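Enquirer: The sequence isn't on hand, but the structure is:
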């Protein structure tokens with residue numbers, strides 16, 4: 001196993017045990033994180049997002065990861081998060097494909113992709129089924145996530 005594969009294993013093992021410090025130790029100080037909900041977060045915002053999500057999960061989020069692959073520059077992994085979405089208390093099983101770019105032995109770019117429509121159906125039920133595919137609903141999900149992160153970030157300062 002090369003060093004970047006070890007870094008990804010460390011990241012996901014820490015995620016699975018809600019170990020925030022070990023997770024962020026895998027990130028470069030100039031990390032750029034992207035996903036369908038938060039869109040693009042840089043540096044401190046990306047770190048605060050993970051801390052917020054772990055705290056909201058209260059140690060009850062189940063993380064499974066597989067297919068970790070990496071070379072000296074980039075890597076990939078698959079992971080599944082099973083949790084209760086805090087806004088609706090509905091169970092979500094989110095299947096994610098992650099891509100990474102490494103610099104100085106750390107993750108400098110992390111991109112998660114998943115089906116936001118499937119996620120919204122699970123998170124919001126019938127409302128997500130009817131509206132989750134629309135640009136309006138996708139934007140509302142994004143706006144609420146970013147607002148929640150901004151509020152959380154003010155609290156942790």
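Expert: Structure's in. What do you need? Source: prediction; values computed, not measured.

Enquirer: what comes up buried for the longest strand seen in the chain?
Expert: If you go by DSSP state E, the chain has its longest strand at strand 90-103. The neighbour-count check on strand 90-103 (16 or more other CB atoms under 10 Å) flags 92, 94, 96, 98, 100, 102 as buried. Every residue, glycine included, has its C-beta placed from N, CA and C.

Enquirer: So which residues make contact with the helix or strand hosting residue 150?
Expert: Using DSSP states H and E, residue 150 sits in helix 135-156. Residues outside helix 135-156 that contact it (CB atoms under 8 Å, 6 or more residues apart in numbering): 36-39, 41, 44-45, 48-49, 51-52, 87, 116, 120, 128, 131-132.

Enquirer: Could I get the buried residue list for it?
Expert: Of the residues in helix 135-156, 137-138, 141-142, 145-146, 148-149, 152-153 count as buried by neighbour count, 16+ other CB under 10 Å.

Enquirer: just stretch 105-117 next, same as before
Expert: Across stretch 105-117, burial judged by 16+ other CB under 10 Å covers 106-107, 109-110, 112, 114, 116-117.

Enquirer: So what's the gap between it and the chain middle?
Expert: 7 Å (CA atoms, centre = their mean, to the nearest Å).

Enquirer: do stretch 74-89 as well
Expert: Offset of stretch 74-89 from its chain centre (CA atoms, centre = their mean): 7 Å.

Enquirer: if you average pLDDT over that stretch, what comes out?
Expert: Per-region confidence: stretch 74-89 scores 96 on mean pLDDT.

Enquirer: ditto for stretch 48-60
Expert: Taken as a whole, stretch 48-60 has an average pLDDT of 94.

Enquirer: same question, stretch 4-15
Expert: Taken as a whole, stretch 4-15 has a mean pLDDT of 98.

Enquirer: What residues sit buried inside that stretch?
Expert: Using 16+ other CB under 10 Å as the test for burial, stretch 4-15 gives 4, 7-9, 11-12, 14-15.

Enquirer: ok, so of the residues you listed, who is nearest residue 30?
Expert: Among these, residue 7 lies closest to residue 30 (CB to CB), at 15.7 Å.
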